[in-house]
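1. Sharing a model prediction with you, sequence too.
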Amino acid sequence: MSSATFGSICFDSGCLWKNEINVSKTKKRNGGRFVKCLANTKTQKAEKAVRIGVLGASGYTGAEIIRLLANHPHFGITLMTADRKAGQSIGAVYPHLVTQDLPTLVAIKDADFSEVDAVFCCLPHGTTQEIIKSLPTSLKIVDLSADFRLRDISEYEEWYGQAHRAPDLQKEAVYGLTEIVREEIKNARLVANPGCYPTSIQLPLVPLIKANLIEFRNIIIDSKSGVSGAGRSAKEENLYTEIAEGIKSYGVTRHRHVPEIEQGLSDAAHSKITVSFTPHLIPMSRGMQSTIYVEMAPGVTVEDLYQQLKTSYEDEEFVKLLEKRAVPRTHDVRGSNYCFINVFADRIPGRAIIISVIDNVVKGASGQALQNLNLMLGFPENTGLLYQPLFP
Ligand SMILES: NC(=O)C1=CN([C@@H]2O[C@H](COP(=O)(O)OP(=O)(O)OC[C@H]3O[C@@H](n4cnc5c(N)ncnc54)[C@H](OP(=O)(O)O)[C@@H]3O)[C@@H](O)[C@H]2O)C=CC1
Ligand SMILES: CC(=O)N[C@@H](CCC(=O)OP(=O)(O)O)C(=O)O
């Protein structure tokens, strides 16, 4: 049975899971939902035991955290921040969330962290290092931005065009690709949640690289994303007229996710891997597909790749290898925390084609973030995440 100590409170996963933790008074904070505060007096149900702050709650990933937490038995939101939308209610910003009883959005400078145990940081990269640096060190943090993903800060500076503003915190940050580094995440205080493209790419490739089943050269990745991947703020290139009825490549030869993808694959290989990666924007609101072309190692067959992925992921809740020949579709993971994968023999001998799909806002962002915070606080990692995909 795992446990996590949080301030003076011990969250024992088995205990909380069975709703047997000691709980005393119930309070309503900031006009928000009811949050039960822990004390060592009597045993009651432990609903909403952990107080959550969502920084950037008016953005797409923040809104998705709020949607997911509505069904979380232990996490209750006590703080939500925004920038331009500070002062508004969540129902005004997102009518689909109007039925939730939540605090008003406040500017970060006005945020009171004394009522918060853990935060999801859903802010733009480039702004996040300074903000996280200023937060109380008692907080558990899952950062959805790219600001703490690259271990090498000179690489961050090269690809993000600005100096790293929290190098000491970078050393502490754990890269949160849950299925691959689960044990490290359990003990982390600050988790750098992976990018959506890197999630869809590393999940299928890491087990194959670790098992030396594919060549480390000539990996070609073609990825496609729904427009929500670009966030909610208005941008001319993301207008309906620019996106509808077409497809466009962007970041060609130099997308900022390249070093993140190469970092993860190189770790798996214990040697430097470089990849060709081209992302595309397609006219759908959410969803992501990565189609990956690889050379198999000498003597390796597609059946070997299939069996390796099957073994690696057979006990995983959220990563699913499909039946042979079934083609993964974004439709089938929409709104869920699943990653669906399959592998196919190319017509060219020795080559294989891997297809992986996720919902960019869920497994590619807020769902994986919640999976990580569950682990960091000693809860079963699927808590609040058992949403079935939305189809059609
Ligand atoms: N969308 C996706 O699929 C994915 C996104 N990510 C990453 O997650 C993070 C959030 O993304 P997303 O939700 O899409 O972004 P959005 O643009 O939709 O939201 C950004 C949020 O940050 C707030 N904000 C913007 N600038 C500042 C600032 N200077 N100070 C404080 N708050 C600020 C905004 O407030 P307001 O609206 O009030 O201006 C809003 O709440 C980003 O780093 C993104 O790259 C990661 C994986 C996938
Ligand atoms: C469609 C679109 O614009 N997608 C974003 C990636 C979203 C994501 O995962 O990004 P972060 O690294 O910012 O967290 C992009 O290409 O920059």
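-> Looks like it arrived, so ask away. Ligands and ions are numbered 1, 2, ... in the order given.
2. Residues of the stretch 101-250 of the chain that sit close to ligand 2?
-> By the rule C-beta under 6 Å from any ligand atom, the part of the stretch 101-250 of the chain lying against ligand 2 is 125, 145-146, 195-196, 225, 229-230. In short, each C-beta sits where N, CA and C put it, glycine included.
3. quick one: the helices in this protein?
-> Along the chain, the stretches classed as helices by DSSP state H are 13-17, 60-69, 90-93, 128-133, 153-160, 167-172, 178-186, 196-210, 240-243, 258-269, 302-313, 367-376.
4. Adding mean pLDDT, distance to Pro389 and mean neighbour count, write those helices out as CSV.
-> Formatted as CSV, the helices of the chain follow (pLDDT from 0 to 100; distance: least, C-beta to C-beta, whole Å; neighbours: other C-beta atoms under 10 Å):
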stretch, mean pLDDT, distance to Pro389, mean neighbour count
helix 13-17, 36, 25, 18
helix 60-69, 98, 14, 24
helix 90-93, 98, 25, 19
helix 128-133, 98, 30, 19
helix 153-160, 97, 33, 16
helix 167-172, 97, 35, 14
helix 178-186, 98, 18, 18
helix 196-210, 98, 15, 25
helix 240-243, 96, 23, 12
helix 258-269, 98, 25, 21
helix 302-313, 98, 17, 18
helix 367-376, 98, 12, 27
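5. Throw these into JSON lines and include distance to Val357, thanks.
-> Below are the helices of the chain laid out as JSON lines (distance: least, C-beta to C-beta, whole Å):
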{"stretch": "helix 13-17", "distance to Val357": "30"}
{"stretch": "helix 60-69", "distance to Val357": "17"}
{"stretch": "helix 90-93", "distance to Val357": "29"}
{"stretch": "helix 128-133", "distance to Val357": "27"}
{"stretch": "helix 153-160", "distance to Val357": "26"}
{"stretch": "helix 167-172", "distance to Val357": "31"}
{"stretch": "helix 178-186", "distance to Val357": "16"}
{"stretch": "helix 196-210", "distance to Val357": "7"}
{"stretch": "helix 240-243", "distance to Val357": "20"}
{"stretch": "helix 258-269", "distance to Val357": "17"}
{"stretch": "helix 302-313", "distance to Val357": "14"}
{"stretch": "helix 367-376", "distance to Val357": "14"}
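6. how long is stretch 178-194 end to end?
-> 9 Å (C-alpha to C-alpha, to the nearest Å).
7. Give me the domain ranges for the protein.
-> Residue ranges of the domains in the chain are recorded as 3-194+365-376, 197-360, according to automatic domain parsing.
8. closest point of the protein to ligand 2, which residue?
-> Residue nearest to ligand 2 within the chain: Gly229 (3.0 Å; C-beta to the nearest ligand atom).
9. what separates that residue from Val361, distance-wise?
-> 8 Å (C-beta to C-beta, to the nearest Å).
10. what touches both of the two?
-> Cys196 (C-beta atoms under 8 Å, 6 or more residues apart in numbering).
11. out of the two, which sits in the more crowded spot?
-> Legend: neighbour count by other C-beta atoms under 10 Å for Gly229 and Val361, higher for Val361 (26 against 23).
12. ok, and the closest non-adjacent residue to the more buried one?
-> Nearest residue to Val361, sequence neighbours excluded (C-beta to C-beta, 6 or more residues apart in numbering): Glu64, at 4.8 Å.
13. What's the per-residue pLDDT of the closest residue to ligand 1 within the chain here?
-> Proximity of the chain to ligand 1 (C-beta to the nearest ligand atom) peaks at Gly59, 1.9 Å away. The model reports Gly59 with a pLDDT of 98.
14. Surely it and Cys122 touch.
-> Yes - using C-beta atoms under 8 Å, Gly59 is in contact with Cys122, at 5.4 Å.
15. Settle it for me: which of these two has more neighbours?
-> Neighbours were counted for Gly59 and for Cys122 using other C-beta under 10 Å; Cys122 has more, 30 against 23.
16. For the spatially closest residue to that one that is not a sequence neighbour, which residues are in contact?
-> Sequence neighbours aside, Gly56 is the residue nearest to Cys122 in space, at 3.5 Å (criterion: C-beta to C-beta, 6+ apart). Counting by C-beta under 8 Å, 6+ apart, Gly56 makes contact with 62, 81-83, 121-124, 144.
17. same check, this time on Ser114
-> By C-beta under 8 Å, 6+ apart, the contact list for Ser114 is empty.
18. Quickly note the distance from it to Asn374.
-> Ser114 is 23 Å from Asn374, where distance means C-beta to C-beta.
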